[in-house]
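Participant: Fold the following for me, if possible:
(one chain, ligands or ions: 1)
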Amino acid sequence: MTFIVELLMNSSELLDFMRGRRSLRRYQSDDVPRAWIECLLEAAIWAPSAHNRQPWRFVVIEEHETKERLARELGAALERDLRADGLARAVIDADVGRSYARITSAPLLIMVCMSLIDMDVYSDDQRNSHELTMAQQSTAMAGQNMLLMAEKLGLGACWMCAPLFCQDLVAAVLELPTDWKPQGMITLGYPAQRRERGREPWETRVLWR
Ligand SMILES: Cc1cc2nc3c(=O)[nH]c(=O)nc-3n(C[C@H](O)[C@H](O)[C@H](O)COP(=O)(O)O)c2cc1C
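Facilitator: Predicted coordinates:
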């Protein structure tokens with residue numbers, strides 16, 4: 001990196017803040033206050049979205065019983081998949097146990113869903129497929145807004161992809177409207193761990209033309 005760019009970057013509070021966000025998976029048992037949750041949701045909806053259609057939908061999960069049901073269902077699906085992959089029993093048990101503990105011990109879960117109800121519908125599959133991608137991209141951006149706001153509020157958070165692998169199960173447990181498609185789940189709480197994580201330099205991921 002040139003000296004000037006390094007200087008600019010080092011003096012950027014926003015960049016330092018973004019660099020400080022980490023996926024944290026272990027939390028203290030304290031509840032997340034309602035005002036904090038509303039702040040996360042407000043941050044989410046200010047993400048950009050394709051045609052400004054705001055395809056994101058959220059389910060706030062605080063009830064322990066709901067977390068348990070979700071964890072059991074996701075665990076059963078994970079176990080089925082890992083068995084089909086031919087993994088050893090001990091590995092499967094460890095994975096399923098970790099997933100269950102992570103979901104049930106998080107004080108707050110936010111299921112990030114997407115709806116295509118307001119998106120455009122075309123006469124060909126290719127454009128419909130791009131419309132789907134745009135809705136997914138928009139929803140992911142809302143998720144990132146929440147992760148950054150969580151960091152700002154002093155909360156730990158982590159995006160979990162498991163719901164994407166069993167959307168129907170999640171929809172049944174949470175009694176979702178039929179157009180709400182789970183994309184991922186953010187676990188949240190006051191952090192009980194610190195983590196460091198590096199990045200490959202952007203120079204390794206960029207082409208200049
Ligand atoms: C689409 C997506 C799916 C992810 N799925 C999981 C997951 O299922 N379980 C998990 O522990 N972390 C998951 N993560 C978090 C990543 O592991 C994490 O972002 C990555 O290791 C970089 O760490 P950092 O967020 O602390 O920088 C996911 C992140 C993204 C963006």
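Participant: Now do whatever helix or strand residue 8 lives in, average pLDDT.
Facilitator: Using DSSP states H and E, residue 8 maps to helix 3-10. Average pLDDT, helix 3-10: 71.
Participant: before we move on, what about stretch 23-41?
Facilitator: 98.
Participant: Can you point out the buried residues in that stretch?
Facilitator: Residues of stretch 23-41 classed as buried by neighbour count (16 or more other Cβ atoms under 10 Å): 24-27, 32, 36-37, 39-41. All C-beta atoms are positioned from the backbone trio N, CA, C, and that covers glycine.
Participant: Show me what whatever helix or strand comes next after the helix holding residue 8 is packed up against.
Facilitator: Next helix or strand after helix 3-10 toward the C-terminus (DSSP H and E): helix 13-20. On a contact count with 3 or more Cβ pairs under 8 Å, 6 or more residues apart in numbering; DSSP states H and E, helix 13-20 meets helix 125-152.
Participant: ok, which of the buried residues of stretch 23-41 also contact the ligand?
Facilitator: residue 25 (Cβ under 6 Å from any ligand atom).
Participant: report the angle between the axes of the helix holding residue 8 and helix 13-20?
Facilitator: With axes from the mean of the first three to the mean of the last three Cα atoms, to 10 degrees as the basis, helix 3-10 and helix 13-20 are set at 70 degrees to each other.
Participant: Among the buried residues of stretch 23-41, which one sits closest to the ligand?
Facilitator: residue 25 (5.6 Å; Cβ to the nearest ligand atom).
Participant: what's the closest non-adjacent residue to that closest one?
Facilitator: The shortest distance from residue 25 to any non-neighbouring residue, by Cβ to Cβ, 6 or more residues apart in numbering, is to residue 158 (5.0 Å).
Participant: Quick check, central residue of the protein?
Facilitator: Nearest to the geometric centre of the chain sits residue 159, at 3.1 Å (Cα atoms, centre = their mean).
Participant: Name the next helix or strand downstream of the stretch of helix or strand that residue belongs to, please.
Facilitator: Residue 159 is part of strand 156-160 when elements are defined by DSSP H and E. Note on strand 156-160: by DSSP H and E, the next helix or strand toward the C-terminus is helix 162-165.
Participant: Now do the buried residues in that next one.
Facilitator: Neighbour-count burial for helix 162-165 [16+ other Cβ under 10 Å]: 162-163.
Participant: Run the chain-centre distance for the helix or strand of the chain with the lowest mean pLDDT.
Facilitator: Ranking every helix and strand in the chain by mean pLDDT, DSSP states H and E puts helix 3-10 at the bottom, with a mean of 71. For helix 3-10, the distance from its own C-alpha centre to the chain's C-alpha centre is 31 Å (Cα atoms, centre = their mean, to the nearest Å).
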